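Novice: for reference, the sequence and a predicted model appear below.
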Amino acid sequence: QSALTQPASVSGSPGQSITISCTGTSSDVGGYNYVSWYQQHPGKVPKLVIYDVTNRPSGVSSRFSGSKSGNTASLTISGLQAEDEADYFCGSFTKYNSLVFGGGTKLTGL
Amino acid sequence: QVQLQESGPGLVKPSQTLSLTCAISGDSVSSNTATWNWIRQSPSRGLEWLGRAFYRSTWSTVYALSVKSRITINPDTSKNQVSLQLQSVTPEDTAVYYCAKSSAWEEYVQAWGQGTLVTVSS
């Protein structure tokens, strides 16, 4: 049950696109289409932005998209805006009937 | 829409037991599809899933290996709550603790409590 691997930080400029990776194993990310992504602003509760690898909850901007290849999932944010500056965490269901999260990625530069 | 509210002491001494309660409104703790998770967050450990309880004709719990020997999650059907107990705490257990809901076949956090900061210190 090791944490999923994310880059510690990524940087972007307004209007650009960035992609955050999330690497696990065949026991979690690679084994199930249950990858989710959460956005967290300082002092706030995490907010779901992607579930089941590619799905966006109602109310989440279409600028957020998700994908997966093998044991690595990715979150892409296009047309970056100032309010996108936040921490992003990935999560996955595992074969142990548990959840596991990534260490988080800080998006800066906006 | 489900709402979750954590409560409990904000300060716990080392070696003692951390006890938190999650009050559930807008759903039933005994729902056959809901899963009740405890997750914590600290600067050093990030988001860490601790365990879950769920009712699928019978009650079951699953715990993270990292805390399995110290953790108990119990539902309280009379109060529509779920509790967390973590024994023998150390300063490493200092974190914001969240109660969170997921569902069968929907394995992502659909709802979070507001979180409660627990500090382990003498």
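Specialist: On my side now, so go ahead.

Novice: which parts of stretch A:31-48 are buried?
Specialist: A:32, A:34-40, A:45-48 (16 or more other Cβ atoms under 10 Å in any protein chain shown). Backbone N, C-alpha and C define where each C-beta goes, glycine included.

Novice: keep the residues you listed, but drop any that are not near chain B.
Specialist: Checked against chain B using Cβ under 8 Å from any Cβ of the partner chain, those give the following subset in range: A:32, A:34, A:36, A:38, A:45-46, A:48.

Novice: can you tell me which two in these are farthest apart?
Specialist: Maximum pairwise distance in these, criterion Cβ to Cβ, is 24.6 Å, between A:Y32 and A:V45.

Novice: and A:G102, how many neighbours does it have?
Specialist: 27 (other Cβ atoms under 10 Å in any protein chain shown).

Novice: would you confirm that it contacts A:S74?
Specialist: No. Using Cβ atoms under 8 Å, A:G102 and A:S74 do not qualify as a contacting pair, with a distance of 11.7 Å.

Novice: give me the common contacts of those two.
Specialist: A:C22 (Cβ atoms under 8 Å, 6 or more residues apart in numbering or on different chains).

Novice: now the ones next to chain B among the buried residues of stretch A:31-48 as CSV including secondary structure?
Specialist: CSV is the format used below for these (DSSP: H, G, I helix; E, B strand; the rest coil):
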residue, secondary structure
A:Y32, coil
A:Y34, coil
A:S36, strand
A:Y38, strand
A:V45, coil
A:P46, coil
A:L48, strand
